[in-house]
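Colleague: give the three-dimensional model of this entry:
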Amino acid sequence: MEYGLNSALPIYAGGLGVLAGDYLKAAKDLNAPIIGIGILWNQDYTEQFIGQDGRPYDMYPNYEFSSVENTGIEVTLRVRGANVTCKVHKIDKYENNTLYLLDTNFPGSPHGWMTNRLYGGVEQDRIAAEMILGIGGVRALRALGIDIDIYHFNEGHAVFASIELIREKMQQDKMSFHEAWKSTQKEVVFTTHTPVEAGNEIWGHDLLQHMEAYNGLTYEQMREIGDDPFNMTIAALRTADMANAVSKLHGQTARCMWGNVFETAPIISITNGIHVNTWQDKRIRNAFEKGEDLWEPHMQCKKELNDFVKHHTGTTLNPDSLVIGFARRVAPYKRSELIFRNTDIIDPLLREGKLQLVFSGKAHPRDSMGKEIIQKLVEMDRKYPDTVVFLENYNMEIAKLMIKGCDVWLNNPMRPMEASGTSGMKAAVNGVLNLSVVDGWVAEGLQHGISGWLLCSICKNELLTKNQDEYDLHRLYQVLIAEVVPTYYKDKQKWQNMMRASIDMAHYQFSSHRMLREYYDVMYQKTAQNQTKHIRPHAFVSSAPEYVEQPNQFQ
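Modeller: Numbering: from 1, shown residues only. Now for the predicted structure:
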């Protein structure tokens, strides 16, 4: 549903979209035959600013997408009693493999509402967009003449593509429903990201029938695929050959979540990764590769962040004082404001200037709790005007400044709700040290006191405790005061050694290059073995290693 390739192409909401964009960039680097299918959203996700009352408000400007090329191809599908025409655009200008974007928001179209806002509108808007992504996406591939062997669904939003593939086989190849379903399974792999059942989309069958999402199938057939009500994740698991979670810990969570659902694909773990060339500062990379001092390029990055903060907020941060950053989608489980919950402890550090905090992030437009969290952060910004900053309207450019210019990256979600997390990976490849709970990717990389700091261990008792907030807050203050602050101010050599260890730990293990190779080795190749034909281009439907020299590396 979203791709974050560049802030100039604002068709993404957060980490899921940036992950998809990074994947297409890795495919370009490695000459892998992968293309992307998505939607050209007319009004982005949201532009989110802070009002005088400290509360965020949303704006939805209409964008002109000059970097997007119209292919001249159009496809149609039935949505809610109408034949809907979708234009097919392509984008390949951001060092990415080709991304095809479907669009109903063009002059003369009565269906612009279907691709107007990412994750916006009511249920009918969401289903219409998902039908365009899935059904329209498959039809776009047919119209473009691109022969596909494997369809990779990034989240359950794309599952209507399976329904279209099944319909094709039943109508064109005269297969029975179960034959078409089994044949489709040999073409599909699925990545699940959401670690809580409530976060997985469920639609009533009456609504799906009203929207014509059955696409030629019957109620009995759709119920067999996705249950009643229709669960998009279950449907994806049942129409895929293999599925994966996005970290090893998330794999355990996902298998527990879906273990009682019958006839689903096995769920393995392939940990997310970032496109290092996009997110790692070139000065940091050069110093790391040459074994040179990392502190000077880090301070240059820090100055660039401080200059941005000064220009946009008027706050002058002290370049010699410790800066901790926290930037991501604002949701209650991520606990953005946790560090402020005991003012007796945090207040002296902020008043004395030993600690500076920089926050950024957007809440979903309809997430009142997320917006309340932002309001609390803005209150802290106003209470500590010299040492706390909230940067409004978070985007990829702000993210780049923060993951390069902070000294420490704070990560304290409720376990086990962070499926992977990628912002900490981006910080790590820049020598910005993670201060984190053990969840998602962190369990596979960080070593306490060597390449970052951990607030907890992998412990079932901790995962089940009702006092996780209290425990994590205590550990956060304990590690911050006893280890992070003294190391920064009194042992710069150890700090720089940890910066180097952080980069060394993350620059390949948590790269999109490693991730893509793992998808090929563990999922794509094995799924292709179930087919009678050789691998051709793969469609990724969404949602520093050496470059490959051989053009047939992934053929």
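Colleague: now do the helices in the stretch 151-300 of the chain.
Modeller: Taking DSSP state H, counting those that start in this stretch as the criterion, the stretch 151-300 of the chain carries its helices at 160-172, 177-185, 205-211, 219-226, 232-238, 248-258, 276-279, 282-290, 295-313.
Colleague: from the contact counts, what lies against the longest one?
Modeller: Read that as helix 295-313. helix 282-290, strand 388-391, helix 396-405, helix 492-506 (3 or more CB pairs under 8 Å, 6 or more residues apart in numbering; DSSP states H and E). (C-beta placed from N, C-alpha, C; glycine too.)
Colleague: look at Gly121 and report its pLDDT.
Modeller: pLDDT recorded at Gly121 is 88.
Colleague: dump stretch 133-142 to CSV, restricted to CA.
Modeller: Provided in CSV are the C-alpha atoms of stretch 133-142 (Å, rounded to 0.1, in the frame of the first residue of the first chain):
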residue,chain,number,x,y,z
LEU,A,133,-3.8,-2.9,-5.3
GLY,A,134,-4.6,-6.6,-5.6
ILE,A,135,-7.0,-7.2,-8.5
GLY,A,136,-5.9,-4.1,-10.4
GLY,A,137,-2.2,-4.9,-9.7
VAL,A,138,-2.5,-8.3,-11.3
ARG,A,139,-4.3,-6.9,-14.3
ALA,A,140,-1.7,-4.2,-14.7
LEU,A,141,1.0,-6.8,-14.9
ARG,A,142,-1.0,-8.6,-17.6
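Colleague: now do the buried residues in that stretch.
Modeller: Buried residues in stretch 133-142, counted by 16 or more other CB atoms under 10 Å: 133-141.
Colleague: out of those residues, which are inside helices?
Modeller: 137-141 (DSSP state H).
Colleague: and among the helices and strands packed on helix 295-313, the most buried is which?
Modeller: The highest mean neighbour count among these, using mean count of other CB atoms under 10 Å, belongs to strand 388-391: a mean of 25.
Colleague: for the record, mean pLDDT for that strand?
Modeller: Per-residue scores along strand 388-391 average to 98.
Colleague: what's the answer for stretch 352-362, then?
Modeller: 97.
Colleague: let the chain start at 76 from now.
Modeller: All right, first residue 76 from here; so that's stretch 427-437.
Colleague: returning to what we had before: turn the helices of the stretch 226-375 of the chain into TSV, including mean pLDDT and distance to Glu170.
Modeller: Formatted as TSV, these follow (pLDDT from 0 to 100; distance: least, CB to CB, whole Å):
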stretch	mean pLDDT	distance to Glu170
helix 235-247	98	26
helix 252-260	98	33
helix 280-286	98	37
helix 294-301	98	37
helix 307-313	98	29
helix 323-333	95	28
helix 351-354	98	8
helix 357-365	98	14
helix 370-388	98	21
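Colleague: I'd like those helices as CSV, with distance to Gly129 appended.
Modeller: Formatted as CSV, the helices of the stretch 226-375 of the chain follow (distance: least, CB to CB, whole Å):
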stretch, distance to Gly129
helix 235-247, 41
helix 252-260, 50
helix 280-286, 38
helix 294-301, 42
helix 307-313, 36
helix 323-333, 34
helix 351-354, 31
helix 357-365, 35
helix 370-388, 13
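Colleague: mind checking which of these is nearest Leu529?
Modeller: helix 323-333 (13.4 Å; CB to CB).
Colleague: give me the residue at the spatial middle of this protein.
Modeller: Geometric centre of the chain, nearest residue: Leu91, 1.9 Å, by CA atoms, centre = their mean.
Colleague: does that residue really touch Gly231, like I thought?
Modeller: No. Counting by CB atoms under 8 Å, Leu91 sits too far from Gly231 to count as a contact (11.9 Å).
Colleague: what about this protein, any weak spots by pLDDT?
Modeller: Scanning the chain with the threshold set as pLDDT under 70 gives 273, 533-541, 607-613, 615-630.
Colleague: against Thr259, how distant is the residue located most distally from the centre of it?
Modeller: Distance from the C-alpha centroid of the chain peaks at Lys249, with 38.9 Å (CA atoms, centre = their mean). Going from Lys249 to Thr259 by CB to CB, to the nearest Å gives 15 Å.
Colleague: ditto for Tyr226
Modeller: Tyr226 is 9 Å from Thr259, by CB to CB.
Colleague: what sits in contact with each of the two?
Modeller: 237, 240 (CB atoms under 8 Å, 6 or more residues apart in numbering).
Colleague: and those two? Which one has more around it.
Modeller: Taking other CB atoms under 10 Å, Tyr226 and Thr259 do not tie; Tyr226 has more neighbours (26 against 23).
Colleague: run through the residues that contact that one.
Modeller: Counted by CB under 8 Å, 6+ apart, Tyr226 has contacts 213, 236-237, 240, 262-264, 613-614, 616.
Colleague: that one bridge partners, please.
Modeller: Val263, Ala614 (DSSP bridges).
Colleague: count of residues packed around the nearest residue to Tyr169 once chain neighbours are set aside?
Modeller: Nearest residue to Tyr169, sequence neighbours excluded (CB to CB, 6 or more residues apart in numbering): Leu80, at 4.2 Å. Counted with other CB under 10 Å, residues neighbouring Leu80 total 27.
Colleague: repeat that for Asn417.
Modeller: The burial count for Asn417: 13, using other CB under 10 Å.
Colleague: likewise Leu432?
Modeller: 26.
Colleague: now for whatever helix or strand it lives in, which elements pack on it?
Modeller: In this assignment (DSSP states H and E), Leu432 forms part of strand 430-435. Counting contacts by 3+ CB pairs under 8 Å, 6+ apart, strand 430-435 is packed against strand 397-402, helix 418-426, helix 443-458, strand 463-466, helix 471-480.
Colleague: can you give me the angle it makes with helix 370-388?
Modeller: Orientation check (axes from the mean of the first three to the mean of the last three CA atoms, to 10 degrees): strand 430-435 against helix 370-388 gives 60 degrees.
Colleague: export strand 430-435 as PDB, just CAs?
Modeller: C-alpha atoms of strand 430-435 as PDB (Å, rounded to 0.1, in the frame of the first residue of the first chain):
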ATOM      1  CA  LEU A 430      20.800  15.600  28.400                       C
ATOM      2  CA  GLN A 431      19.000  16.900  25.300                       C
ATOM      3  CA  LEU A 432      16.000  15.100  23.700                       C
ATOM      4  CA  VAL A 433      14.900  15.400  20.100                       C
ATOM      5  CA  PHE A 434      11.500  13.900  19.100                       C
ATOM      6  CA  SER A 435       9.600  13.600  15.900                       C
END
